[in-house]
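Q: structure for the following, please:
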Amino acid sequence: MTFKLSLRELEVFVAVADHGTVTEAASKVALTQSAASQALQMLQQGLGVTLFDRVGRRLQLNEHGRLLLPRARAMLASAQEMQNLVNDEAIHLRLGASTTIANYLLPARLAAFRQRYRQSRVQLQVGNTQAIVDAVATFQVDMGLIEGSCHHAEIVVTPWQEDELVVVVAGQWAAAQGDGPLGLASLVGMPWIVRETGSGTREVVEQQLFPVLGSVDVAMELGDLEAIKHTVAAGLGVSCLSRHVVADLLANGKLAEVRQDASQLRRPLFCIRHRDKAVTRGMDVMTAI
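A: Numbering: from 1, shown residues only. Coordinates of the predicted model:
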């Protein structure tokens, strides 16, 4: 007998994978618990394999489930896109963005996107570069905008924009050094405050700036950009961040820019998508704004 896989079964499977229990998954997809259990059972019977291991009261994906999950997400996304075709304004875009882009570059673009397509719906997932690469690779998002490099074999990487990084110190500390521009030589021995491993900003700083400085004392790793810049402004160290991040504190004097001895430290920003993910109208519009 031919097995007919249904979108509802895939929807339940993905929901269980995301939430760990059939009860929570059923609530997510607006089914009764018994209906969700039956849908999952029919999917596993049709495939001839189990997709989860039971660990205590929770269900965890096994090898078969991990193989199926990204494809199931892709099929559900494609079905949503087909449904949207009947309404020219109905764009549903699942977007992933690394922290600097999400907080400082995207808000104006999202506003323009919504102004152009008022019936659109955008889901935004924010994380460091590695987290967004993982989300694209597993079809959790349609596309990603990242600051760091991506070498995943199944992901298509396209240059998007360019960003400038600036080295900053506390404005009061800079004023105490006297007149004249600050150079990198003035930072010898100062503690550094950096992003966490996996961040695109951290990657660029380690590859392009730290080798120039030689010995570097990394005193703090913080996962929040606002926390980093305000910690530097409080006089606790030095950091290197996107100019978009520190523009406000540079303008009011709470931060001061340190002149780099070489040319400006610039980095490309990238748009990424899974190679099996078809480019949608929403993806085209977002990258063009």
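Q: quick one: contacts for Q115?
A: Neighbour list for Q115: empty [criterion: C-beta atoms under 8 Å, 6 or more residues apart in numbering]. (Each C-beta comes from the backbone N, C-alpha and C, glycine too.)
Q: so how far is R109 from it?
A: 11 Å (C-beta to C-beta, to the nearest Å).
Q: and if you look at G235?
A: 34 Å.
Q: and if you look at V216?
A: Taking C-beta to C-beta, one finds V216 at 34 Å from R109.
Q: same question for A233.
A: A233 sits 27 Å away from R109, taking C-beta to C-beta as the criterion.
Q: from what I can see D142 touches R273, true?
A: Yes: contact criterion C-beta atoms under 8 Å: D142 and R273 qualify, at 7.0 Å.
Q: any shared contact partners between these two?
A: Shared contacts of D142 and R273, counting by C-beta under 8 Å, 6+ apart, come down to M283.
Q: compare neighbour counts for those two and give me the winner.
A: Between D142 and R273, counted using other C-beta atoms under 10 Å, D142 has the larger neighbour count: 27 against 21.
Q: now that one, nearest residue through space, not along the chain?
A: Leaving aside its chain neighbours, D142 sits nearest to R94 (4.7 Å; criterion: C-beta to C-beta, 6 or more residues apart in numbering).
Q: for the one helix or strand that neighbour maps to, packing partners?
A: When elements are defined using DSSP states H and E, R94 is found to belong to strand 92-98. Packing partners of strand 92-98 (3 or more C-beta pairs under 8 Å, 6 or more residues apart in numbering; DSSP states H and E): helix 63-84, strand 121-127, helix 129-137, strand 143-146, helix 281-288.
Q: select, out of these, the one closest to L182.
A: Of all those, it is helix 129-137 that lies closest to L182, at 29.0 Å by C-beta to C-beta.
Q: the closest one - contacts with which helices or strands?
A: Here helix 129-137 touches strand 92-98, strand 121-127, strand 143-146, strand 155-170, strand 265-274, going by 3+ C-beta pairs under 8 Å, 6+ apart.
Q: paired strands for the shortest one, with orientation please.
A: Think strand 143-146. Using DSSP bridges, strand 143-146 pairs in its sheet with strand 92-98 (parallel), strand 265-274 (antiparallel).
Q: nearest to T138, out of the ones you listed?
A: Here strand 265-274 is closest among these (C-beta to C-beta), at 8.6 Å.
Q: list the buried ones in that closest one?
A: By neighbour count on 16 or more other C-beta atoms under 10 Å, the buried set for strand 265-274 is L265, R267, P268, L269, F270, C271, I272, R273, H274.
Q: and if you look at stretch 95-111?
A: 95-106, 109-110.
Q: domain map for the protein?
A: Split into domains by automatic domain parsing, the chain comes to 7-84, 92-161+269-288, 162-267.
Q: okay, now the unreliable bits of the stretch 1-150 of the chain?
A: Scanning the stretch 1-150 of the chain for pLDDT under 70 picks out the ranges 1-3, 84-90.
Q: before we move on, what about the stretch 151-289 of the chain?
A: Flagging of the stretch 151-289 of the chain using pLDDT under 70 yields the residue ranges 179-180, 261-264.
Q: strands of that one, start to end?
A: 155-170, 191-194, 217-221, 239-242, 255-258, 265-274 (DSSP state E, counting those that start in this stretch).
Q: for the helix or strand where A39 lies, which helices and strands make contact with it?
A: Under the criterion of DSSP H and E, A39 resides in helix 33-47. Counting contacts by 3+ C-beta pairs under 8 Å, 6+ apart, helix 33-47 is packed against helix 7-19, helix 22-28.
Q: what's in contact with that helix?
A: 3-6, 8-10, 12-13, 15-16, 22-23, 25-26, 29, 31, 50-51, 64, 68.
Q: got JSON lines for the helices and strands packed on helix 129-137, with distance to S199 too?
A: JSON lines is the format used below for those (distance: least, C-beta to C-beta, whole Å):
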{"stretch": "strand 92-98", "distance to S199": "7"}
{"stretch": "strand 121-127", "distance to S199": "10"}
{"stretch": "strand 143-146", "distance to S199": "10"}
{"stretch": "strand 155-170", "distance to S199": "12"}
{"stretch": "strand 265-274", "distance to S199": "12"}
